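Peer 1: Return a 3D structure for these sequence lines:
(one chain, ligands or ions: 1)
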Amino acid sequence: MPAKKPVVTKKPAAKTAAKKVVAIKKGSTKDDSGLPLSVVIRRRIEAQKARFHANDNISEFIKPGELEGLVDEVAEKMQAVLESLVIDTKNDHNTQNTSRRVAKMYVQEVFNGRYVEQPTLTKFPNVSRLNELMIIGPITVRSACSHHLCPIMGRIWIGVLPSKDSALIGLSKYSRLTEWVMCRPQIQEEAVVELADMLEKKIKPIGVAVVMDADHFCMQWRGVKDRDSKMINSVMRGAFLKDSNLRREFLALIDRK
Ligand SMILES: [Zn+2]
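Peer 2: As a prediction, this is how the structure comes out:
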């Protein structure tokens, strides 16, 4: 039998006999046995049988201080990509720190929604028993496609029909939640569904609607190089699905110009 690989789980896993707790020193990209940080994190996720697709959040598997180490690891590998692209990063002053800049941009900015916890959403009871259509938007969307890691820039509108028992969230929280979902490599169709699911779970409304309209740079920068192509899609849930008048009202009120 091959030697047991170190397994790290959040909760002690009873069945793992040779359990070894892996501590990674702050700022290090490897654990004591030389495993890269990404492998250590991946094993924690696999031990819990969790999914870690590009648009999944894996923050619960990352310990404090490890994100810095992850930036270092990505920078090392990004440097290898630049070298494979035959770019003289030693003498080209423009690309000397590109690998680190890209690593920081991925981990700390544009894909940050994978690595940080969901923003806290203060909920208010629906004291005035609002049951009128609420529309929030346009909310700016900055994301990237999972296929090419090319930017997706667009806008989102959210429609909510609260019930008298709904928990309402502050207006700014819709933007925070949207940003958290979008700061990951995404597929537009999946992103809007994910956002609608989250809003349904949090607010428990009678209906929720999400419309997204975006430019996909993988259509503009590469591929067909079609500068004007956009993608628009929507998710309608509950009352928005059943009541065509409500749906029409929502779509008429959002100004997509
Ligand atoms: Zn793409």
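
Peer 1: residues in this structure within reach of the ion, list them.
Peer 2: C145, H147, H148, C218 (CB under 5 Å from the ion). Glycine gets a C-beta too; all of them are placed from N, C-alpha and C.

Peer 1: How about residues contacting stretch 55-71?
Peer 2: Identification of contacts with stretch 55-71 by CB atoms under 8 Å, 6 or more residues apart in numbering yields 10, 24, 26-29, 37-38, 41, 44-45, 48, 50, 52, 100, 103-104, 107-108, 113-118, 146, 180-181, 184-187, 190-191, 194.

Peer 1: what sits against L121?
Peer 2: Contacts of L121 (CB under 8 Å, 6+ apart): I169, G170, K173, R176, L177, K202.

Peer 1: Highest neighbour count among those?
Peer 2: L177 (21 neighbours; other CB atoms under 10 Å).

Peer 1: mind checking how far it is from E194?
Peer 2: Separation of L177 from E194 (CB to CB, to the nearest Å): 10 Å.

Peer 1: same check, this time on M212
Peer 2: 11 Å.

Peer 1: Compare neighbour counts for those two and give me the winner.
Peer 2: M212 (27 against 20).

Peer 1: partners of the more buried one in the sheet?
Peer 2: Using DSSP bridges, the bridge partners assigned to M212 are I156, N233.

Peer 1: State the helix or strand in which the residue in the stretch 151-257 of the chain that the ion sits nearest to lies.
Peer 2: At 2.9 Å from the ion, C218 is the closest residue in the stretch 151-257 of the chain, using CB to the ion. C218 belongs to helix 217-220 when assigned by DSSP states H and E.

Peer 1: Correct me if wrong: the residue of the stretch 151-257 of the chain closest to the ion contacts H147.
Peer 2: Yes: using CB atoms under 8 Å, C218 makes contact with H147 at a distance of 6.5 Å.
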